[in-house]
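*Asks:* I would like to see how this sequence folds:
(chains A, B, C and D)
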Number of protein chains: 2
Amino acid sequence: MLKKERHAYILHEIDIHNKVLSSDLSIQLNVSEDTVRRDLQELDEREVLTKVHGGALSKSFHFTLQNNTVYSQPEKKIIAQKARELIKDGMLVLLSGGTTIIELIKSLPPELNATFITVSIPTALELLDHPNGEVIFIGNKLLKNAQMSVGAEVVQRLSEITCDLCFLGTNSIDVEHGITDLELEVIEVKRAMIASAKKTVSLSISKKLNTVQRMVVCKIDAVDILITELDPTDEMLKPYHSKGVTII
Amino acid sequence: MLKKERHAYILHEIDIHNKVLSSDLSIQLNVSEDTVRRDLQELDEREVLTKVHGGALSKSFHFTLQNNTVYSQPEKKIIAQKARELIKDGMLVLLSGGTTIIELIKSLPPELNATFITVSIPTALELLDHPNGEVIFIGNKLLKNAQMSVGAEVVQRLSEITCDLCFLGTNSIDVEHGITDLELEVIEVKRAMIASAKKTVSLSISKKLNTVQRMVVCKIDAVDILITELDPTDEMLKPYHSKGVTII
DNA sequence: AACTATTATGCGTATTTATGCATTATTAAA
DNA sequence: TTTAATAATGCATAAATACGCATAATAGTT
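*Replies:* Numbering: from 1, shown residues only, chains lettered A, B, ... in the order given. Predicted coordinates:
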């Protein structure tokens, strides 16, 4: 493997995981740790990553880290990566809760200047760490386990807004039943979110594809874009595509 | 986990809670307390936090530095104990942000069944941990450093509410100038909070008594009850009492 | 193709860094 | 004051790194 290829691989790994270990890379790339170190050194000098004892970290390692406990994190990182491409300066973006959304926020470039609206407390907290951009929280009664605002007031206020994009960290999505969820109050809010956005983006790891929960949030045709960690041409995504959903 | 990652995690925790305990971090990060201590030491040398006995404190909350340890919350604990006596089942209670308020929430008996309203994200997060009671968050634009909602919408919605009690974790209080604060947007909200409550309670450790900041939130006669860690008959509190403030 | 200069890589060794543990000293809370 | 928690200190160990050097790969030149 050529040096350039190794460098590309390392950068890709960092993009996904935010960090790499020299020992891991040595095995994965099948070169000595010395070589890895020299690679990291070079990349550090080129200022595309930050070398530390034991490996290297992403430059955009934005002093946040709650992970370790995040389930299916690599997949979620990939999804976050794809999703962030959609957000442009000046946009009004609606965000739900969930770990995939948190990953998305972490991966946002610091210089991005958009306005974010959310009903989720953890999402709001993560957004507050982002140096730029305005954060708007739509408050009301808070649901204890979901840690988000629910109720008529939230639905009402969402209806008064028109956003460019709505990102939903989706629990369950299925071609037949669309997006489904468990709690009525959560569903009400999600519906309102979808209604107030020009485009709805569903973020979903492939494990959650073709799963159904008790209650329907929306039919599949209300979803404009579906982002998974899979390649857009993956066989598993065909049914969604043929329903008119854009796959990324 | 890499050292830098641990550092990032610690800083993130401090960002949220304003303080960390070495013992907690040791468990969360899965390293010895020695290592945590060394981490905190380094971060302290880099002046991004303040190391104290038992853990570390946020730099951005200067008032917490005055009492030099996370445990020298005994003052705050005492205040919390006194304050919680005022809250009865069925009440509608307005809470500001700040560590004293967090302490109050932690000390609330689990069986208490009141409704809490707040504009502070950390306060809301702490309230969600309480098994009983409803939590209402009044949202709008979020202020990054204060981690709270501000703006006309918040003021408006507060004006539509009548609460039984408003607890203010007070930064500065003085007989002459009343309650004062630094940021205009914060002041607007605090004023609205006071206006919407039947009774206003100021929670203030004695070190903050007789201190003044740039901008006035309210005169001293808008404060119904003042709670400090001191004995109510303490000489220091006399001037407040003679202004008609109830001292607890 | 053969030769040379340059660059890249791996290995051994010395050095540095990171971490945990035991012991003693300090500090804070009851 | 007493007691338990937390810190500091020195030390042991393991991991990571730097460095010199030999060798291998590569590119450029004749």
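
*Asks:* surely A:Ile79 touches A:Ser107?
*Replies:* No - using Cβ atoms under 8 Å, A:Ile79 is not in contact with A:Ser107, being 9.6 Å away. Using the backbone N, CA and C atoms, a C-beta is placed for each residue, glycine as well.

*Asks:* quick one: which of these two has more around it?
*Replies:* Just comparing A:Ile79 and A:Ser107: by other Cβ atoms under 10 Å in any protein chain shown the higher neighbour count belongs to A:Ile79, 26 against 21.

*Asks:* what about that one, helix or strand, and which?
*Replies:* helix A:73-84 (DSSP states H and E).

*Asks:* what's around A:Thr246, how many residues?
*Replies:* What A:Thr246 shows, counting by other Cβ under 10 Å, is a neighbour count of 14.

*Asks:* beta partners of the nearest residue to it once chain neighbours are set aside?
*Replies:* Distances taken as Cβ to Cβ, 6 or more residues apart in numbering or on different chains put A:Ile225 closest to A:Thr246, at 4.7 Å, once the chain neighbours are dropped. Under DSSP bridges, the beta-bridge partners of A:Ile225 are A:Val201, A:Thr246.

*Asks:* how much space separates A:Ile225 from A:Glu85?
*Replies:* Distance, A:Ile225 to A:Glu85, using Cβ to Cβ, to the nearest Å: 11 Å.

*Asks:* and those two? Which one has more around it.
*Replies:* A:Ile225 (18 against 9).

*Asks:* residues touching the more buried one, list them.
*Replies:* By Cβ atoms under 8 Å, 6 or more residues apart in numbering or on different chains, A:Ile225 lies in contact with A:86, A:199-202, A:245-248.

*Asks:* out of the residues you listed, who has the most neighbours?
*Replies:* The residue in the contacts of A:Ile225 with the most neighbours, by other Cβ under 10 Å, is A:Ser202 (28 neighbours).

*Asks:* three-state assignment of whichever residue of chain A sits closest to chain B?
*Replies:* Residue nearest to chain B within chain A (Cβ to the nearest Cβ): A:Gly139, separated by 2.8 Å. Following DSSP: H, G, I helix; E, B strand; the rest coil, A:Gly139 is assigned to coil.

*Asks:* that one touches B:Lys141, doesn't it?
*Replies:* No - contact criterion Cβ under 8 Å: A:Gly139 and B:Lys141 do not qualify, at 11.3 Å.

*Asks:* quick check: residues of chain A near DNA strand D?
*Replies:* By the rule Cβ under 7 Å from any atom of the strand, the part of chain A lying against DNA strand D is A:21-23, A:33-34, A:37, A:41, A:51-55.

*Asks:* out of those residues, which is most surrounded?
*Replies:* That'd be A:Gly55 among the residues of chain A next to DNA strand D, by other Cβ under 10 Å, with 24 neighbours.

*Asks:* how about that one, nearest residue that isn't a chain neighbour?
*Replies:* The shortest distance from A:Gly55 to any non-neighbouring residue, by Cβ to Cβ, 6+ apart, is to A:Leu21 (4.1 Å).

*Asks:* so who does that neighbour touch?
*Replies:* Residues near A:Leu21 by Cβ under 8 Å, 6+ apart: A:54-55, B:2.

*Asks:* export the residues you listed to TSV and append columns for distance to A:Asp231 and pLDDT.
*Replies:* Listed next are the contacts of A:Leu21 as TSV, based on distance: Cβ to Cβ, whole Å; pLDDT from 0 to 100:
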residue	distance to A:Asp231	pLDDT
A:Gly54	32	89
A:Gly55	28	88
B:Leu2	31	83
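
*Asks:* hey, where'd the helices end up in chain A?
*Replies:* Per DSSP state H, chain A carries helices over the ranges A:3-17, A:22-29, A:33-45, A:73-84, A:99-106, A:121-128, A:152-159, A:184-195, A:238-242.

*Asks:* any idea how far the residue nearest to A:Glu183 when sequence neighbours are not counted is from A:Glu188?
*Replies:* Leaving aside its sequence neighbours, A:Glu183 sits nearest to A:Ala146 (Cβ to Cβ, 6+ apart; 6.9 Å). Separation of A:Ala146 from A:Glu188 (Cβ to Cβ) stands at 12 Å.

*Asks:* among the two, which residue is more densely surrounded?
*Replies:* Between A:Ala146 and A:Glu188, A:Ala146 has the larger neighbour count (other Cβ under 10 Å), namely 22 against 17.

*Asks:* ok, the more buried one touching A:Val119?
*Replies:* No - the pair A:Ala146 / A:Val119 is not scored as a contact, 9.4 Å apart, by Cβ under 8 Å.

*Asks:* okay, and the common contacts of these two?
*Replies:* A:Gly97.

*Asks:* what lies in contact with stretch A:234-242?
*Replies:* A:175, A:206, A:209-210, A:220, A:226, A:228, A:230, A:247.

*Asks:* apply 7 Å and report the result again.
*Replies:* A:175, A:206, A:209, A:220, A:226, A:228, A:230, A:247 (Cβ atoms under 7 Å, 6 or more residues apart in numbering or on different chains).

*Asks:* avg pLDDT for that stretch?
*Replies:* Taken as a whole, stretch A:234-242 has an average pLDDT of 89.
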